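Asker: how does the following fold in three dimensions:
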Amino acid sequence: MRWRTLLLMPLFLGAGSARALCDWQSGYPAILTVPDQVITIAADAPADSTTPIASFETPRLGHNIFYTYCPVGTEVGRRVIGLESYNAQNKTFKTNIPGIVIKPLWTNGLPEWGGFPTTVYMPKVDESGYVYFRFPDVSGYKVEFYKVADTLQLNNPAGDLIMPPGPIGYFYLIVSNDPNNYLSKLALSEIKIISTPVCTADSAKTVNFGKVTAKMLESGVSEKLDFAINCKTDYGNYSATAYITTDTPSYDAASIMVKDAGGSSGRLRITIKDSQNRALKVNGKDGEQITSTLSQNSAEFHWTAELSAAGLVQPSAGAFSAKAEIIFDIT
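Answerer: Predicted structure coming up:
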């Protein structure tokens, strides 16, 4: 007997006698399932129909399926279940998420993978007019997901369902249009996608209090601290919460301690107030939130920095300085 391998197809070998149809010899059909998955993607990921954002495989079949005495020309192939074509040339299909497409693939154990749909007719391998058909134990499926739009339309930050769980394709023998006639079937578990926002914050800010006298410090000297952050999100809008933290907090984290010209850090302090004139802790635990900012628009914060005396001892004359960091939480 002579074995012959076709690219991405099961194996065929010659038979020496005549039958009218394929005869089942051994093995059994199976459903191969992609387990639960979560895809995470950045909101600024480019649209790309050639590089998948995620790829998942099923387990392999694990056993051979044999049919004997199949007539030359018997049809075998792959079909999808309930999928709408997106790009027939690329063999991709639409999902629940506009801008995300799926590409189901099958392999017979070789490095190459073949898409859906496809049809092959069993070739002649000898003069008998019949072939043995082996559906290999190492066969299996893979699904690839592609982002094909610049912006997605997502709703649930905990994960949008890309496709409902269930079967989406099958490998058939003889009858192509019956999903219940399969050698193996490709099914999905729950596959979700989460997008992370991508943001650009203002550059470092300098608050210049100018020349300050002891008299001015008695009532405090205030300067504006305005800043913004701009985020791209796939959820339509975003919320931004800003916090402030410093390496030189007061004992109660109510203010930033300032180093005067003499090197002392206990004579001046800066209190930060948000746009509602609410004093913020400078340990990163108090913050101001701006909600419902449209994607690629700026969330603008208008804070105030108030310099005042921290005690009865006057600071040394000359330049003084302090540093703090603004931290954002984006949802």
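Asker: endpoint to endpoint, stretch 272-281 covers what distance?
Answerer: Across stretch 272-281, the terminal residues are separated by 8 Å (Cα to Cα, to the nearest Å).
Asker: oh sorry, the question was meant for stretch 190-204
Answerer: 43 Å.
Asker: just use 54 as the starting number from now, easier for me
Answerer: Yes, from this point I'll number from 54; that puts the last item at stretch 243-257.
Asker: tell me which residues are up against it.
Answerer: 87, 89-97, 109, 150, 153, 198, 205, 207, 210-216, 218, 280-288, 291, 293, 379, 381, 383 (Cβ atoms under 8 Å, 6 or more residues apart in numbering). Where you see a C-beta, it was placed from the backbone N, CA and C, and this is true even at glycine.
Asker: which residues does residue 297 contact?
Answerer: Residue 297 neighbours (Cβ under 8 Å, 6+ apart): 325, 333, 335, 337, 377, 378, 379, 380.
Asker: quick check on it: phi, psi?
Answerer: phi -130, psi 140 (degrees, to the nearest 10).
Asker: bridging residues for it?
Answerer: For residue 297, the beta-bridge assignment (DSSP bridges) gives partners residue 379.
Asker: which of the contacts of residue 297 ranks first by neighbour count?
Answerer: Highest neighbour count within those: residue 335, with 27 neighbours (other Cβ atoms under 10 Å).
Asker: residue 195 is in contact with residue 160, isn't it?
Answerer: Yes - between residue 195 and residue 160 there is a contact under Cβ atoms under 8 Å: 7.2 Å.
Asker: so what sits against both of those two?
Answerer: Common neighbours of residue 195 and residue 160 (Cβ under 8 Å, 6+ apart) are residue 166.
Asker: so how do I select the buried members of the contacts of stretch 243-257 in ChimeraX?
Answerer: Selection command for ChimeraX covering only the buried members of those, criterion 16 or more other Cβ atoms under 10 Å:
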select :87,90,92,94,96,97,109,150,153,198,205,207,212,213,215,216,280,281,282,283,284,285,286,287,288,291,293,379,381,383
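Asker: looking at the contacts of stretch 243-257, which are in strands?
Answerer: Among the contacts of stretch 243-257, the residues falling in strands (DSSP state E) are 87, 90-95, 109, 153, 198, 213-216, 280-285, 291, 293, 379, 381, 383.
Asker: so where's the stretch 54-203 of the chain shaky on pLDDT?
Answerer: In the predicted model of the stretch 54-203 of the chain, residues 54-73 satisfy pLDDT under 70.
Asker: which residues in it form strands?
Answerer: 56-58, 64-67, 76-79, 83-87, 90-95, 107-110, 118-124, 128-133, 138-140, 145-147, 153-160, 171-174, 183-188, 193-200 (DSSP state E, counting those that start in this stretch).
Asker: could I get these as CSV with distance to residue 229?
Answerer: What follows is the strands of the stretch 54-203 of the chain, written out as CSV (distance: least, Cβ to Cβ, whole Å):
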stretch, distance to residue 229
strand 56-58, 22
strand 64-67, 18
strand 76-79, 18
strand 83-87, 18
strand 90-95, 29
strand 107-110, 24
strand 118-124, 15
strand 128-133, 6
strand 138-140, 16
strand 145-147, 17
strand 153-160, 15
strand 171-174, 7
strand 183-188, 15
strand 193-200, 18
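Asker: and those strands: which comes nearest residue 343?
Answerer: Closest approach to residue 343 among the strands of the stretch 54-203 of the chain is made by strand 90-95 (21.8 Å; Cβ to Cβ).
Asker: give me the contacts around the closest one.
Answerer: Looking at what lies outside strand 90-95 - Cβ under 8 Å, 6+ apart - the contacts are 106-107, 109, 198, 200, 205, 212, 215, 242-249, 251, 287.
Asker: now do residue 211 against residue 200, distance only.
Answerer: Computed with Cβ to Cβ, to the nearest Å, the distance linking residue 211 and residue 200 is 20 Å.
Asker: and the gap between the residue nearest the centre of the chain and residue 184?
Answerer: Closest residue to the average C-alpha location of the chain: residue 93 at 2.0 Å, with Cα atoms, centre = their mean. In this view, residue 93 and residue 184 are 46 Å apart by Cβ to Cβ.
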